[in-house]
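> Build me a model:
(2 chains)
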Amino acid sequence: MFSAAAPRRGSGLGFAMPAILLLAAFFVIPVVFLLTRSVTEPQLGLQNYATLVGSSTYAKVFFNTFFVAGVVTLVTVLIAFPVAWALAIMPARWSAVVFAIILLSMWTNLLARTYAWMVLLQQTGLINRMLKAVGLIDQPLQLTNNLVGVTIGMVYIMLPFMILPLMGVIKKIDPAILQAAALCGATRWQALTRVLVPLATPGIASGALMVFVMSLGYFVTPSLLGGTANMMLAELIAQQVQSLVNWGMGGAAAFLLLLVTLGLYAVQLRFLDRKEAA
Amino acid sequence: MTPFLHINGIRKTYGTVVATDHVELSIAEGEFMTFLGPSGSGKSTTLYILAGFQDPTAGDIKLRGQSILQTPSHKRNIGMVFQRYTLFPHLSVGENVAFPLRVRRMGQDEIAQKVKRALSLVRLDGFEDRMPAKMSGGQQQRVALARALVYDPPVLLMDEPLSALDKKLREEIQFEIRRIHQETGVTILYVTHDQEEALRLSDRIAIFNKGKIEQVGTGPELYANPATHFVADFIGDSAFLAGELAGVGQGRAGLRFADGSTVAAVPLHGLGVAGQAAELMLRPERIELTPEAGPEGASLPVTVEDLTFLGNNTTVSARTGWGAALTVRLNFGHPLAGRIARGDRLHIRWAPEAAHAFVKG
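Got it, this is the predicted structure:
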């Protein structure tokens, strides 16, 4: 209905040029260089990719990466959903406080937060000592230097990225719709699974994509909490480039990661398109 | 005999704010009862307590003699249509109507059959696959009605369901609601602030004001015999002439006005003694305008201030001897219409039962 007055798509492109040039200079060109090096070093060909896909060592790295990213995404959704729900229905004054706490954690240095988790999770750390004190365990649990520690540390870091989009969609849901569901006979669980979650799906999808993609390329937490035996993709890239100065392998791994990310993004775009068309 | 639905002394307070105060009402099975009142009068609060969205501070609600207050909303088996559009936006019309049956784990065939019947009841046959967003507001509220009736609830609550619709559509759906009420025999509790809507739909109307029910009765009862100034003011147009009581007896009173003119034998509402401030209420269509004074005690002299021709009637604005304003309607073709002008001195008269006196304070 606004089509008569709306400017034609693309007519404002001139104003966007500085931003487009910036993106090209600092994102597109480096990626092209990296791609080039991945197929030219040490010699021309796809041997770097063949090694990555073929070797069981690298296969384990890929498995670790996708497995951890998947578990982190799932756990993050499960924790973030009730938090976002609580924030959405809380009195505004309270939700502002809780929200500030969440943001504050985002602004705290990542390394500091990860080291804090190392202290908490180690064999003689607070968590193990508490569990022992209440008699739940006899021997300390192994919570660092493995994927459990990585998952815990990453869920904590990813939570805000899930809570924010979820809060956005949940806030838009009219509480009267849930009252209607209740009068229709839906238990709380049925109202959650049949009404609330479907309505929050766009927020869950965008939050999950963001968390999954960020988790795939995460470096600090896996390297500090995961130990050397549980390498993930970002660590592999760092190792190849920094320690082995093997730009070909590092570039190939980085490029594969980029492809996976773009693929996921394309899936989400199609999913959202279909939602809007419906 | 125990009433079908008994709202028993419901009181709801928020801190020091009293939302409803000892609301007491019995509703018969199959009755169409409307809660009419201005916003903040407690009518919606009462409905929400019935729905189980709020707990009363005191009082009880009994359905067929059983208290329902301990039953959570989803087990009350009550239907409700809301003011806002509350269809589930991710479900088709058919699935919206099927929702209450699915959560009750009914069989597939039975669900399909009931959904078809419910949609037919609201005249939306064949709309099963439509998405709510692709429907008009009126259609959405009809689907909401089908969804609220598909599980045969004993009571249907309606919270200003037509307030978001335009006037023409509103009248159309009012007609549909009446028909559905007659076809299904469901007991309906309907909340509105629109007196015309209340009069058009209801068997009985409960007039809410400041958290209390002022009067309960059929439309004609409330119109002909309002118990309070508020009811007289809320149902229909009326003129209120302020004066003081002059002689009270047998439920009737005389009134004296500022210029010394008096009226006699007016039905009195409220307790009062001679000399107390009171008001005379007159319905404009029951006042007759005449060139000569009427019978003593049921007539007052007035001066014509303005005339407005409105097609089926001419509305005459007039002022009494002491300067109070009132309006009189002359139907089209009335012998006086067209023969009177501004400044004319005339008289109003009325049948004794057409006037009411309300004690002030």
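> For chain B, give me the ranges with low pLDDT.
Counting by pLDDT under 70, the ranges of chain B that qualify are B:1, B:361.
> residues from it in reach of chain A?
Residues of chain B found near chain A (Cβ under 8 Å from any Cβ of the partner chain) are B:51-53, B:72-80, B:82-84, B:86, B:88-90, B:99-100, B:102-104, B:131, B:144, B:147-148, B:151. C-beta here means a position set from N, CA and C on the backbone, and glycine is covered the same way.
> make it 6 Å
For chain B, the contact set with chain A under Cβ under 6 Å from any Cβ of the partner chain comprises B:51, B:53, B:73-74, B:80, B:82, B:84, B:86, B:88, B:90, B:99-100, B:103-104.
> and the helix or strand hosting A:W94, how far out from the chain's middle?
Counting by DSSP states H and E, the element that carries A:W94 is helix A:92-107. From the chain centre to the centre of helix A:92-107 is a distance of 20 Å (Cα atoms, centre = their mean, to the nearest Å).
> Run through who's touching that helix.
Applying Cβ atoms under 6 Å, 6 or more residues apart in numbering or on different chains, the contact partners of helix A:92-107 are A:L87, A:P160.
> Now do the helices in the chain.
Using chain A here. Along chain A, the segments classed as helices by DSSP state H run A:13-23, A:29-40, A:47-54, A:56-89, A:92-107, A:110-121, A:126-133, A:147-172, A:175-183, A:188-191, A:197-216, A:220-225, A:233-238, A:247-277.
> think we crossed wires, I meant chain B
For chain B, helices defined by DSSP H occupy the ranges B:43-51, B:93-103, B:108-121, B:137-149, B:167-184, B:195-201, B:219-224, B:229-234.
> Any chance of TSV for these, columns mean neighbour count?
Formatted as TSV, the helices of chain B follow (neighbours: other Cβ atoms under 10 Å in any protein chain shown):
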stretch	mean neighbour count
helix B:43-51	24
helix B:93-103	24
helix B:108-121	16
helix B:137-149	23
helix B:167-184	15
helix B:195-201	19
helix B:219-224	18
helix B:229-234	21
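> Mind putting those into CSV with distance to A:L46?
Output for these, formatted as CSV (distance: least, Cβ to Cβ, whole Å):
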stretch, distance to A:L46
helix B:43-51, 66
helix B:93-103, 50
helix B:108-121, 54
helix B:137-149, 57
helix B:167-184, 67
helix B:195-201, 75
helix B:219-224, 86
helix B:229-234, 84
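> sorry, back to before: for the residues of chain B next to chain A, pick the one with the most neighbours.
Taking other Cβ atoms under 10 Å in any protein chain shown as the neighbour criterion, B:M80 ranks highest of the residues of chain B next to chain A with 30 neighbours.
> That one reaches B:L157, doesn't it?
Yes. Using Cβ atoms under 6 Å, B:M80 and B:L157 qualify as a contacting pair, with a distance of 4.3 Å.
> So chain B: which segments form each domain?
B:5-231, B:237-359 (automatic domain parsing).
> Which of those has the highest mean neighbour count?
domain B:5-231 (a mean of 19; mean count of other Cβ atoms under 10 Å in any protein chain shown).
> quick one: that one to chain centroid distance?
14 Å.
> To B:I7, which of the helices of chain A lies closest?
Comparison of these against B:I7 by Cβ to Cβ identifies helix A:175-183 as nearest, at 17.7 Å.
> quick check: angle from the closest one to helix B:137-149?
With axes from the mean of the first three to the mean of the last three Cα atoms, to 10 degrees as the basis, helix A:175-183 and helix B:137-149 are set at 30 degrees to each other.
> Of the helices of chain B, which is nearest A:A254?
Evaluated over these, closeness to A:A254 peaks at helix B:93-103, with 45.6 Å, by Cβ to Cβ.
> which residues are in contact with the closest one?
With Cβ under 6 Å, 6+ apart, helix B:93-103 has contacts from A:184-186, A:190, B:87-88, B:111, B:115, B:118, B:127-128, B:130, B:143, B:146-147, B:150-151.
> What angle do helix B:108-121 and that helix make with each other?
130 degrees.
> which residues does the closest residue to B:G37 other than its chain neighbours bridge with?
Nearest residue to B:G37, sequence neighbours excluded (Cβ to Cβ, 6 or more residues apart in numbering or on different chains): B:F208, at 3.2 Å. Beta-bridge partners recorded for B:F208 (DSSP bridges): B:I213.
> Could you tell me how far B:F208 is located from chain A?
Note on B:F208: its distance to chain A, by Cβ to the nearest Cβ, to the nearest Å, is 21 Å.
> so that residue makes contact with B:G40?
No. Look at B:F208 against B:G40 with Cβ under 6 Å: they stay out of range, at 9.5 Å.
> Can you give me the pLDDT of the residue nearest to A:L258 when sequence neighbours are not counted?
Spatial nearest neighbour of A:L258, chain neighbours left out: A:V31 (6.9 Å); criterion: Cβ to Cβ, 6+ apart. The model reports A:V31 with a pLDDT of 88.
> Could you check how many residues crowd around A:V31?
13.
> Please apply the same query to the one 5 residues further on.
Burial of A:T36, expressed as a neighbour count using other Cβ under 10 Å, amounts to 11.
> swap in the one 5 residues further on?
Burial of A:E41, expressed as a neighbour count using other Cβ under 10 Å, amounts to 17.
> Done for today, thanks.
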